[in-house]
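Colleague: need a 3D model of the following:
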Amino acid sequence: MEPISRRAALQLTALGVAGAVVGGVGLWRGSSPSPGTTGSDELVEPPVLTAANGVLAVDLVAAPGAVLIAGRTVRALGYNGSVPGPTWRVRPGDRLHVTLVNQLDHTTNLHTHGLFVSPDGNGDNPFIAVEPGQRFDYDIRLPEDHPPGLYWYHPHHHGMVADQVFAGLYGAIIVEDPTDLPVTRERVLVISDITLSPSGDVAAATRTDRMMGREGDTVLVNGQVQPVLRARPAERERWRILNACVSRYLDLRVPGQDLTILGVDSGRTATPTAVDRVILAPGNRADLIVQTTPGSADVLAVPVDRGAAMGMMAGPRTSGATLTLARLEVDGAPAGALDPLPVQPAPRDLAGLDLARRRELTLAMGMGMGMGGGGGMYFTIDGKAFDPDRIDQDVTVGDVEEWTLVNTSPMDHPFHLHVWPMQVLRDGTHTPEDVTWRDVVNIPAQDSTLVRIPFDRYPGRTVYHCHILDHEDLGMMGVIRAT
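Modeller: Numbers count the residues shown, from 1 in each chain. Now for the predicted structure:
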């Protein structure tokens, strides 16, 4: 195992400062439902920005300020003064012109999570650093054949990612379908979590929080606690659900309602499939159809056991008790019938293609002298903590590779590769029955996941990492270069 470089050690040491920055944001307390109580507010969706004439031009201001979170006016972090930030709606072939304005007290940047776009220059480039008081112009072009679906944007400056996302910097991106689906309505549900300290601040993470991956004590849907969704019987709703939590896995259920999955991340099922639950790792998204039936139904998040850090006294991290995220109230006259959902194009299958190379990557965490991460805890991929000046994987544009992702630690790690989606061949002991594509794949504790990756187009340099964002900040990230 290689020692952490001085650069990496300095980055890890800086995490203590990052926590202090967010912990000092502050808020003004007001009346609101307490976490875990039933809310009465109607669901409010983020503001929407839609591309026109093939271009979406956005001034995106990252700043502390007065934003409404969980019914309180909070001085947290937000994009354009809201939490979540505005939802961007674009079509394949569109361009994103985003001017990121940094009004924070610390460095930031922007990642368009899941988009199949160039990582080079002023594209989806995680190595850009936008300093306080500066602005940066991103120019991101979606290919004409970009998969439709739900994606998202958030900061990605190493060492600051978890703190900035936890404090409110995230928003949804929708890439439209070629033809609108026959649904009664569409909802965007951005699920996140946050902890507010007794003094009214966005709470700084403790050392244990960073080792385990922090989970906030209040879970939000579009910045609200237990909002109410109203519908008539026999309506067909499309719910686009984003897990924007820093570390929390979501096992989502809506008892008494008929659920059909269209896809997860950019992956689509050829035929919509009935389900009774959807499990989303941090960073995953779901495209879900809800056929409403009369009555009141809770939208639930059931605890997920994602393991425990060795040597920690906190025990397994199970995401606490079952949470009620929202309430669906269905009453009134039944809605009229809609056309059947269309069959989607069959997903691409890499099973019969020649492989250019097989690789094995190992994600590890443990206790060791001099390994950084605070208290001797280290977080590595292939025995190395992140170094932006090192190339960890060299790939060739146009190749298809097979990667075995090994997790030697006692905690699950959700693995995210920028730019290129992955076809999942095996997830631990589970082999998908259908062709399955993800841009975040779970690697179970002390197990492995097998994926195939088509490195289509886009030369450049980007990253892969654990999407428990505290673990990413602590070094569980590598650099990949495509030529």
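
Colleague: rest of the way, CA atoms for contacts and neighbours
Modeller: Will do.

Colleague: distance from the chain centre to stretch 56-74, please.
Modeller: Taking Cα atoms, centre = their mean, to the nearest Å, one finds stretch 56-74 lying 19 Å from the centre of the chain it belongs to.

Colleague: what's the neighbour count on A51?
Modeller: 16 (other Cα atoms under 10 Å).

Colleague: ok, it touching A57?
Modeller: Yes - here A51 reaches A57: they are 7.5 Å apart, a contact under Cα atoms under 8 Å.

Colleague: in the sheet, who's paired with M422?
Modeller: With DSSP bridges applied, M422 shows beta-bridge pairing to R438.

Colleague: let me know how buried it is, in neighbour terms.
Modeller: Burial of M422 is recorded as 26 neighbouring residues (other Cα under 10 Å).

Colleague: overlap of the contact sets of A51 and A57?
Modeller: Counting by Cα atoms under 8 Å, 6 or more residues apart in numbering, A51 and A57 have no contacts in common.

Colleague: quick check: buried residues in the longest strand that the chain contains?
Modeller: Longest strand in the chain by number of residues (criterion: DSSP state E): strand 55-69. Buried residues in strand 55-69, counting neighbours by 16 or more other Cα atoms under 10 Å, are found at 55-58, 60-69.

Colleague: keeping just the C-alphas, turn that strand into CSV.
Modeller: Extracted in CSV, the C-alpha atoms of strand 55-69 (Å, rounded to 0.1, in the frame of the first residue of the first chain):
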residue,chain,number,x,y,z
VAL,A,55,-29.7,26.3,-25.6
LEU,A,56,-30.2,26.5,-21.9
ALA,A,57,-28.3,29.6,-20.6
VAL,A,58,-28.1,29.7,-16.8
ASP,A,59,-26.5,32.0,-14.3
LEU,A,60,-26.0,29.7,-11.3
VAL,A,61,-25.1,31.6,-8.1
ALA,A,62,-23.8,29.5,-5.3
ALA,A,63,-24.2,31.5,-2.1
PRO,A,64,-25.2,31.5,1.6
GLY,A,65,-28.5,33.1,2.1
ALA,A,66,-32.0,33.0,3.5
VAL,A,67,-33.6,29.8,2.0
LEU,A,68,-36.7,27.9,3.1
ILE,A,69,-35.8,24.4,4.5
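
Colleague: in the buried residues of strand 55-69, find the pair that's most separated.
Modeller: Using Cα to Cα, the buried residues of strand 55-69 span at most 30.7 Å, a distance reached by V55 and I69.

Colleague: just give me the residue right at the centre of this protein.
Modeller: Central residue check for the chain by Cα atoms, centre = their mean: the C-alpha nearest the mean position is that of G283, 2.0 Å away.

Colleague: from H416, how far out is that one?
Modeller: 8 Å (Cα to Cα, to the nearest Å).

Colleague: same check, this time on T483
Modeller: Distance of T483 to H416, given as Cα to Cα: 20 Å.

Colleague: which residue is the nearest non-sequential neighbour of the residue lying farthest from the centre of the chain?
Modeller: Seen from the C-alpha centroid of the chain, the residue lying at the greatest distance (Cα atoms, centre = their mean) is A333, 37.2 Å away. Once flanking residues are discounted, A333 sits nearest to R232: 6.4 Å by Cα to Cα, 6 or more residues apart in numbering.

Colleague: then T195?
Modeller: The shortest distance from T195 to any non-neighbouring residue, by Cα to Cα, 6+ apart, is to G216 (4.6 Å).

Colleague: same check, this time on T99
Modeller: What sits nearest to T99 in space, not counting adjacent residues and going by Cα to Cα, 6+ apart, is D137, at 4.4 Å.

Colleague: which SS class is that neighbour?
Modeller: Of the three states, D137 takes strand under DSSP: H, G, I helix; E, B strand; the rest coil.

Colleague: for it, give me its contacts.
Modeller: Under the criterion of Cα under 8 Å, 6+ apart, the neighbours of D137 are H97, V98, T99, L100, N122.

Colleague: can you list the weak-confidence ranges in the stretch 201-350 of the chain?
Modeller: Scanning the stretch 201-350 of the chain for pLDDT under 70 picks out 309-320.

Colleague: let me see the ranges of the strands in it.
Modeller: Assignment of strands within the stretch 201-350 of the chain using DSSP state E, counting those that start in this stretch yields the ranges 218-221, 228-231, 236-243, 250-253, 258-264, 267-275, 278-280, 285-291, 295-302, 323-330.

Colleague: got JSON lines for those strands, with mean neighbour count and distance to T206 too?
Modeller: JSON lines is the format used below for the strands of the stretch 201-350 of the chain (neighbours: other Cα atoms under 10 Å; distance: least, Cα to Cα, whole Å):
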{"stretch": "strand 218-221", "mean neighbour count": "24", "distance to T206": "17"}
{"stretch": "strand 228-231", "mean neighbour count": "19", "distance to T206": "33"}
{"stretch": "strand 236-243", "mean neighbour count": "23", "distance to T206": "22"}
{"stretch": "strand 250-253", "mean neighbour count": "20", "distance to T206": "22"}
{"stretch": "strand 258-264", "mean neighbour count": "22", "distance to T206": "32"}
{"stretch": "strand 267-275", "mean neighbour count": "18", "distance to T206": "36"}
{"stretch": "strand 278-280", "mean neighbour count": "20", "distance to T206": "25"}
{"stretch": "strand 285-291", "mean neighbour count": "23", "distance to T206": "28"}
{"stretch": "strand 295-302", "mean neighbour count": "19", "distance to T206": "24"}
{"stretch": "strand 323-330", "mean neighbour count": "22", "distance to T206": "23"}
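
Colleague: distance to P46 for these - can I get that in JSON lines?
Modeller: Listed next are the strands of the stretch 201-350 of the chain as JSON lines, based on distance: least, Cα to Cα, whole Å:
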{"stretch": "strand 218-221", "distance to P46": "10"}
{"stretch": "strand 228-231", "distance to P46": "15"}
{"stretch": "strand 236-243", "distance to P46": "13"}
{"stretch": "strand 250-253", "distance to P46": "21"}
{"stretch": "strand 258-264", "distance to P46": "21"}
{"stretch": "strand 267-275", "distance to P46": "24"}
{"stretch": "strand 278-280", "distance to P46": "21"}
{"stretch": "strand 285-291", "distance to P46": "16"}
{"stretch": "strand 295-302", "distance to P46": "19"}
{"stretch": "strand 323-330", "distance to P46": "16"}
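
Colleague: wait, which of the ones you listed is closest to N442?
Modeller: Among the strands of the stretch 201-350 of the chain, strand 278-280 comes nearest to N442, with 9.3 Å by Cα to Cα.

Colleague: can you list the strands that that closest one pairs with?
Modeller: Here strand 278-280 is paired, per DSSP bridges, with strand 250-253 (antiparallel).

Colleague: doesn't D163 lie inside a helix?
Modeller: Yes - D163: assigned to a helix according to three-state DSSP.

Colleague: what is the neighbour count of it?
Modeller: 28.
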